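Trainee: When you get a sec, could you give me coordinates for this:
(chains A and B)
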Amino acid sequence: DQQVKQNSPSLSVQEGRISILNCDYTNSMFDYFLWYKKYPAEGPTFLISISSIKDKNEDGRFTVFLNKSAKHLSLHIVPSQPGDSAVYFCAATTYGGATNKLIFGTGTLLAVQP
Amino acid sequence: NAGVTQTPKFRVLKTGQSMTLLCAQDMNHEYMYWYRQDPGMGLRLIHYSVGEGTTAKGEVPDGYNVSRLKKQNFLLGLESAAPSQTSVYFCASSRMGYRELFFGEGSRLTVL
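Mentor: Numbering: from 1, shown residues only, chains lettered A, B, ... in the order given. Have a look, this model is predicted:
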């Protein structure tokens, strides 16, 4: 059972426009969410995160929104740049015990067209 | 500062062969993880460790073993490789109390 879902395998946007990547989760125990960015032949790198006590977190061109009632989060990139072209993974975790396991979604391939 | 380093980067095995992937981190992180990435499946946790000498199973542990004899190293072993284990393997580490994971560059394994 996929606890974290990214239903759009790919997304194409024009340079300068907004990119919106979506993520849904099923486990109501998740209390922290992260977005990772991955270029080909490289490891994922941390992009932005949000705690369940917030509904928005912003870092430069990147903003993550969390809707707990809908169990939905989204990543907005404004304005999109060609260098943003990558696979974006949504991840979630629960705080409990001594671990920090992340559950990842399947990823969305973003292509930003010049 | 190298961060998380994985060796080897590429490996081709025949069915039934064994091998070990090595992960080393120089950030003095307490926690370490092994994930595999497959098309359409995202990143799935194989095994993890919360400290030297401790390991635990993740989502897809079957067919793999791990060891954490030193704090900075986390080894992933395949005793008898199967074609289903063809994948890209990522090691990651994190500090206790922090949610962010730092990933290595990945190891691409092909089992024929």
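Trainee: And the residue sitting nearest the centre point of chain B, which helix or strand is it part of?
Mentor: Nearest to the geometric centre of chain B sits B:Trp34, at 3.0 Å (C-alpha atoms, centre = their mean). Assigned by DSSP states H and E, B:Trp34 falls within strand B:31-38.
Trainee: CA atoms only: put that strand into PDB for me.
Mentor: Extracted in PDB, the C-alpha atoms of strand B:31-38 (Å, rounded to 0.1, in the frame of the first residue of the first chain):
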ATOM      1  CA  TYR B  31      21.500   7.200  11.600                       C
ATOM      2  CA  MET B  32      22.200   5.500   8.300                       C
ATOM      3  CA  TYR B  33      19.900   4.000   5.600                       C
ATOM      4  CA  TRP B  34      19.800   1.900   2.500                       C
ATOM      5  CA  TYR B  35      17.200   2.700  -0.200                       C
ATOM      6  CA  ARG B  36      16.600   1.200  -3.600                       C
ATOM      7  CA  GLN B  37      15.100   3.200  -6.500                       C
ATOM      8  CA  ASP B  38      13.100   1.400  -9.200                       C
END
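Trainee: Tell me the buried residues in that strand?
Mentor: For strand B:31-38, a neighbour-count test (16 or more other C-beta atoms under 10 Å in any protein chain shown) marks B:31-37 as buried. Placement of C-beta: from N, CA and C, glycine included.
Trainee: who's in contact with residue 75?
Mentor: This is for chain A. The contact partners of A:Leu75, taken as C-beta atoms under 8 Å, 6 or more residues apart in numbering or on different chains, are A:19-21, A:23, A:35, A:47-48, A:62-64, A:88, A:90.
Trainee: was after chain B, sorry
Mentor: Remark: with contacts taken as C-beta under 8 Å, 6+ apart, B:Leu75 is in contact with B:20-23, B:66-69.
Trainee: Looking at the residues you listed, which are in strands?
Mentor: For the contacts of B:Leu75, the ones inside strands are B:20-23, B:66-67, with DSSP state E as the criterion.
Trainee: got a pLDDT number for the residue of chain A found nearest chain B?
Mentor: Of all residues in chain A, A:Gly43 sits closest to chain B, at 3.5 Å by C-beta to the nearest C-beta. On pLDDT, A:Gly43 comes in at 95.
Trainee: measure it to A:Ala86 for me?
Mentor: As for A:Gly43, its distance to A:Ala86 is 12 Å (criterion: C-beta to C-beta, to the nearest Å).
Trainee: What's opposite the residue nearest to the centre of chain B in the beta bridge?
Mentor: B:Trp34 forms beta bridges with B:His47, B:Cys91, as assigned by DSSP bridges.
Trainee: For A:Ala70, see how far away it is.
Mentor: In this structure, B:Trp34 and A:Ala70 are 33 Å apart, going by C-beta to C-beta.
Trainee: Quick check: the residue nearest to the centre of chain B touching B:Pro61?
Mentor: No - because the distance of 9.5 Å does not satisfy C-beta atoms under 8 Å, B:Trp34 is recorded as not touching B:Pro61.
Trainee: Pull up the overlap in contacts between those two.
Mentor: Where contact means C-beta under 8 Å, 6+ apart, the residues bridging B:Trp34 and B:Pro61 through contact with each are B:46-47.
Trainee: Quick check: beta-bridge partners of whichever residue of chain B sits closest to chain A?
Mentor: With C-beta to the nearest C-beta as the measure, B:Phe103 is the residue of chain B nearest to chain A, at 3.5 Å. Note on B:Phe103: beta-bridge partners B:Ala92, judged by DSSP bridges.
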